[in-house]
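[1] the following block contains a protein sequence and its predicted model.
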Amino acid sequence: MRTERIALLLAGAAMLAAGLLQTARAAQTGDSMSVNFRGEFVMVTACTVNNDQVIDVAFGQVGVNKVNGTNYRQPIPYTVDCKGAADSSPLSLTMSGTAAGYDDAAVTTSADGLGIRIEANGQPLTLNAPLETTLGALPSLKLTAVPVQDPIKTLAEGTFSATATLTASYQ
C-alpha cells in the first residue's frame, strides 16, 4: 500500500513537472497570430452650411417683461449642401456654443440673464450634441431661436447679441 502511494505521488509529481515545463516552454517561445485588417475607401464630400455665409437672426425690439420662451420666436434660415450625397445619407447637425446654466439648449448672450434657446421642430436642441437625421429630411427640419430668461435674474434694457456655430456632417 505504501509503495502504491509513493508511486501515485511520483506519478502526480511527474505530471505536475511536465505541465510546468510545458508552460515554461510556451512562455519562453511565445506565440504569434496573424491579424488581418480590411476596410473600404469612400469619397466623402464636405457639407456646406448656408453657402459659408453667416446666418443672422434679428429679434428687433424685445420687451424685457415679455421674455417667456415663447414670445419673439424667430426662424433660423439655413441651408445645408452636401454635393453628391444621397438623400438617405445619415447627417448630424450640431449647434455649438456656450450653454446658459439654466437651459442646455440656450446659448448665452451679452445681456445678463438672457439666453437664446435653439429649437428643432419646436423642441429644445441641446447645444454641443448632435441631432441625427438624414440629408433628405432637412427640408422639414425647422430651426428656431427664442429668447429665454434666467429664472433668478431680472432683465435690464439694452442691446444683446449671441453667437453659435451650426455644423453639418455626414458619412
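    Noted; the coordinates are in hand. Residues are numbered from 1 along each chain as shown.
[2] contacts, neighbours, all on C-alpha from now
    Will do.
[3] quick check: which element contains Y72?
    Taking DSSP states H and E as the definition, Y72 sits outside all helices and strands.
[4] ok, how many other residues are close to it?
    Residues lying near Y72 (other CA atoms under 10 Å) number 19.
[5] tell me how far it lies from V35.
    Computed as CA to CA, to the nearest Å, the Y72 to V35 distance reads 60 Å.
[6] got the end-to-end distance for stretch 70-78?
    Start-to-end, stretch 70-78 (CA to CA) is 21 Å.
[7] before we move on, what about stretch 154-171?
    Using CA to CA, the two ends of stretch 154-171 sit 45 Å apart.
[8] same deal with stretch 108-125?
    14 Å.
[9] which residues touch that stretch?
    For stretch 108-125, the external contacting residues (CA atoms under 8 Å, 6 or more residues apart in numbering) are 69, 95, 97-100, 103, 105-107, 126-127, 131, 141-150, 152-156, 158-163.
[10] same deal with stretch 83-95?
    Stretch 83-95 has contacts (CA under 8 Å, 6+ apart) with 45-47, 125-137, 164-171.
[11] now list the buried members of those residues.
    47, 125-128, 130-131, 133-135, 164, 166-170 (16 or more other CA atoms under 10 Å).
[12] show the pLDDT at R25.
    Predicted confidence (pLDDT) for R25: 51.
[13] my bad, should have said T48
    For T48, the predicted pLDDT is 91.
[14] which strand residues bridge it?
    Under DSSP bridges, the beta-bridge partners of T48 are D81.
[15] just checking, it touches V80?
    Yes - in terms of CA atoms under 8 Å, T48 counts as a neighbour of V80; the distance is 5.7 Å.
[16] more neighbours: these two, which one.
    V80 (19 against 16).
[17] contact partners for the more buried one?
    V80 is in contact with 47-51, 138, 168, counting by CA under 8 Å, 6+ apart.
[18] hmm, which two among these are most spread apart?
    Using CA to CA, the contacts of V80 reach their maximum pairwise distance at N51 and L138, which is 15.3 Å.
[19] those two: which is more packed in?
    Neighbour totals were compared for N51 and L138, and L138 leads with 15 against 12 (other CA under 10 Å).
[20] from T165, how far off is that one?
    Here L138 is placed at a distance of 17 Å from T165 (CA to CA).
[21] all set now, cheers.
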